[in-house]
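**Student:** could you work out the structure for the sequence below:
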Amino acid sequence: MAELTLKERLRKAALTVETTKRSTIVTALAGPLKRWTEPSTPVDHLLIVPTDLRVADPSFWDEIAHGQFGLAGSIVSLRGDSPFEATAPSIAWARELHGFGWLRNLAAVDTEEARETGRRLALEWTIRFGNRREGVAAEPAVAARRLIAWLSHANLLLEDADGETYGLITASLGRQFAQLNRSWRDTPAGYERLLALMALGFAALSLAGHDRQLKDIETGLAAELAWQVLPDGGHVTRNPALLVEVLLDLLPLSQCFTARDRALPDQLSDAIQSMLPMLRYLRLGDGTLARFNGVSGALTAGVATVVAYDDGSLAPLREARASGYARLACGDTVVIADVGRPPALAFSATAQAGCLSFEMSAGKELLFVNGGVPAPASADWLPASRATASHNALTLAERSSSRLITHRKLEALTGAPPLRYPDRVDWRLDDEAGATILEAEHDGYHRRHELVHKRRLRLAADGQRLEGCDRLDGMGAKVRLRADLPYAIHFHLMPGVSCCLEAHDQARITLKDGQNWLLSATGAMLSVEDSAYFAESGGPRAALQIVLRGVTFGETEVNWAVERQAEGPHE
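**Tutor:** So this is what the prediction gives:
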């Protein structure tokens with residue numbers, strides 16, 4: 001186990017205090033909201049059925065027909081048994097099983113056999129796990145997902161159900177609501193607590209006889225949204241994927257308020273109005289989210305669903321300073337850069353060491369991409385995916401610009417190794433005769449080597465040329481290192497994009513639609529090397545990268561440019 005520095009011990013202590021403090025604050029804001037120790041309120045019917053915006057996969061039913069249950073990237077052979085009797089191949093698989101999000105796949109099939117299977121498994125869960133207060137099934141985030149799933153697919157579970165089944169499922173809904181209402185304050189600060197409150201909001205609006213709890217739930221939800229959603233619409237974790245996850249629940253929750261003729265809480269409305277432009281800001285030309293700080297490849301359908309709610313009436317963001325992202329868009333070219341510090345330790349479990357990295361699209365094709373986050377079944381690749389070398393950024397001495405803190409107690413608080421550094425990141429966007437210029441720097445290497453990384457990007461007005469300059473030097477003073485240090489500047493290409501050396505200082509890139517781009521560099525050795533793209537549900541995929549390598553004695557400048565070539569065959 002890594003020894004913590006004094007500063008990190010103090011940060012750990014502060015994190016523990018902050019977790020307790022935020023629980024106290026939210027409890028105070030919630031006023032009379034009690035930890036429900038009395039019996040759950042009886043439920044005899046639902047007033048409304050929420051919409052499930054997440055995209056279903058009807059092929060899931062075909063897997064079941066063949067005795068398989070595939071979740072979280074892993075498939076379990078049931079051999080005639082219930083999935084609740086199977087040995088879970090991973091904690092992620094178990095959480096998805098008990099979260100019941102897979103009900104949407106059965107609902108999409110819309111056959112009596114699929115509906116009966118859903119009812120049977122819900123009843124089995126009620127009998128086996130309904131009264132448990134520990135284990136995966138009782139985790140607040142899992143309980144929240146299950147409550148939302150059962151409510152959103154109540155038609156599948158309750159329509160044509162016999163009286164006994166109807167009574168058992170509705171009674172279970174009441175108990176699940178009461179249990180989550182007792183435990184939500186104990187969830188880790190951040191998205192999981194927000195998820196629990198959204199689930200309680202769905203339930204209070206949907207279940208008959210639960211109106212009296214709604215006001216206090218609204219207060220708790222408003223308190224969470226107020227600090228979790230940043231002024232520019234980003235999430236406090238800096239994880240763009242959470243914008244999609246939150247909106248996929250907040251949007252149907254807002255519809256539930258409307259369906260019940262209740263005023264939409266201001267904080268909920270404000271959150272939606274700020275997150276939608278932020279989501280638009282972080283999309284590349286192909287419609288996907290830039291792969292920063294927790295984004296995987298499984299979000300494509302969710303992004304498209306949420307974007308459909310953006311009618312364009314909301315003003316676009318000029319910059320996302322609170323979240324630490326910069327967007328350059330000229331012609332049909334989009335460049336998005338990570339120019340932010342890691343979030344506080346409590347919220348950095350998904351953060352990556354990608355400061356000053358960027359992604360780039362040309363039209364609807366992806367040119368440069370970061371590695372992204374691997375699927376749950378490929379979790380062994382997480383440390384590699386978080387490293388600076390997996391991003392379109394500069395590494396120094398084969399080290400990342402951030403540090404993963406491996407410490408058992410800290411990981412228990414955050415859910416994964418938190419990430420620290422850089423401490424200081426400065427940046428600005430300017431326009432120059434139609435071109436867009438980003439100038440940024442970070443001190444992630446200063447602690448070890450007294451060097452600052454500065455990056456300048458200039459996207460031409462027509463979007464056909466991106467110029468870059470990467471510089472290493474001291475912070476306000478010249479630095480001469482005791483020994484030269486190797487550096488590498490990485491440009492990772494999307495799988496399926498081809499690349500070859502054109503000359504010793506040039507590489508030709510051919511995109512899937514036939515576009516040709518030429519990257520040239522001065523001040524470093526250029527090579528084309530193997531790479532890995534992690535953000536695939538089936539596991540990492542092979543790809544290529546262009547790498548600019550050299551050594552620095554303390555001051556180094558590398559200039560490079562990538563320019564679109566004229567259409568036509570290349571000889």
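**Student:** any low-confidence regions in this structure?
**Tutor:** The model of the chain has pLDDT under 70 over residues 1-40, 568-571.
**Student:** can you give the domain ranges for it?
**Tutor:** The chain resolves into domains spanning 44-188, 336-564 when parsed by automatic domain parsing.
**Student:** and the last one, how far apart are its ends?
**Tutor:** Meaning domain 336-564. In domain 336-564, first residue to last residue: 18 Å (Cα to Cα, to the nearest Å).
**Student:** ok, stretch 382-396 next?
**Tutor:** Start-to-end, stretch 382-396 (Cα to Cα) is 21 Å.
**Student:** for the domains of the chain, give me JSON lines that also has mean neighbour count and distance to Leu284.
**Tutor:** Backbone N, C-alpha and C define where each C-beta goes, glycine included. Listed next are the domains of the chain as JSON lines, based on neighbours: other Cβ atoms under 10 Å; distance: least, Cβ to Cβ, whole Å:
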{"stretch": "domain 44-188", "mean neighbour count": "18", "distance to Leu284": "20"}
{"stretch": "domain 336-564", "mean neighbour count": "19", "distance to Leu284": "4"}
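**Student:** tell me which of the ones you listed lies nearest to Val236.
**Tutor:** Relative to Val236, the nearest member of the domains of the chain by Cβ to Cβ is domain 336-564, separated by 5.4 Å.
**Student:** still on that earlier bit, make JSON lines out of the domains of the chain and add distance to Leu251.
**Tutor:** Listed next are those as JSON lines, based on distance: least, Cβ to Cβ, whole Å:
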{"stretch": "domain 44-188", "distance to Leu251": "6"}
{"stretch": "domain 336-564", "distance to Leu251": "22"}
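**Student:** and the closest residue to Trp560 other than its chain neighbours, what helix or strand is that in?
**Tutor:** Closest residue in space to Trp560, ignoring its immediate chain neighbours: Ala521 at 4.0 Å, by Cβ to Cβ, 6 or more residues apart in numbering. According to DSSP states H and E, Ala521 maps onto strand 516-522.
**Student:** which other helices and strands contact that strand?
**Tutor:** strand 506-510, strand 556-564 (3 or more Cβ pairs under 8 Å, 6 or more residues apart in numbering; DSSP states H and E).
**Student:** the longest one pairs with which strands?
**Tutor:** When pairs are called by DSSP bridges, strand 556-564 turns out to pair with strand 465-473 (antiparallel), strand 516-522 (antiparallel).
**Student:** same check on the shortest one?
**Tutor:** Using DSSP bridges, the strands paired with strand 506-510 in its sheet are strand 498-503 (antiparallel), strand 516-522 (antiparallel).
**Student:** of all the ones you listed, which lies closest to Ala435?
**Tutor:** That would be strand 516-522 among the strands paired with strand 506-510, by Cβ to Cβ, at 17.5 Å.
**Student:** paired strands for whichever helix or strand comes after that closest one, with orientation please.
**Tutor:** Downstream of strand 516-522, the next assigned helix or strand under DSSP H and E is strand 525-533. In the sheet, strand 525-533 lines up against strand 541-552 (antiparallel) (DSSP bridges).
**Student:** just checking, the residue nearest to Trp560 touches Gly550?
**Tutor:** No: Ala521 is beyond contact range of Gly550, at 9.9 Å (criterion: Cβ atoms under 8 Å).
**Student:** now do the contacts for the closest residue to Gln352 other than its chain neighbours.
**Tutor:** Once flanking residues are discounted, Gln352 sits nearest to Arg386: 4.6 Å by Cβ to Cβ, 6+ apart. The contact partners of Arg386, taken as Cβ atoms under 8 Å, 6 or more residues apart in numbering, are Ala351, Gln352, Ala353, Ser400, Leu404, Leu419.
**Student:** export those residues to a markdown table and tack on distance to Gln545 and secondary structure?
**Tutor:** Listed next are the contacts of Arg386 as a markdown table, based on distance: Cβ to Cβ, whole Å; DSSP: H, G, I helix; E, B strand; the rest coil:
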| residue | distance to Gln545 | secondary structure |
| --- | --- | --- |
| Ala351 | 22 | coil |
| Gln352 | 16 | coil |
| Ala353 | 16 | coil |
| Ser400 | 16 | coil |
| Leu404 | 22 | strand |
| Leu419 | 22 | strand |
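**Student:** now the two most distant members of the residues you listed.
**Tutor:** Pairwise across the contacts of Arg386, and taking Cβ to Cβ, the largest span is found between Ala351 and Ser400, at 11.5 Å.
**Student:** list the contacts of Phe553.
**Tutor:** So Phe553 contacts Arg480, Leu481, Asp484 (Cβ under 8 Å, 6+ apart).
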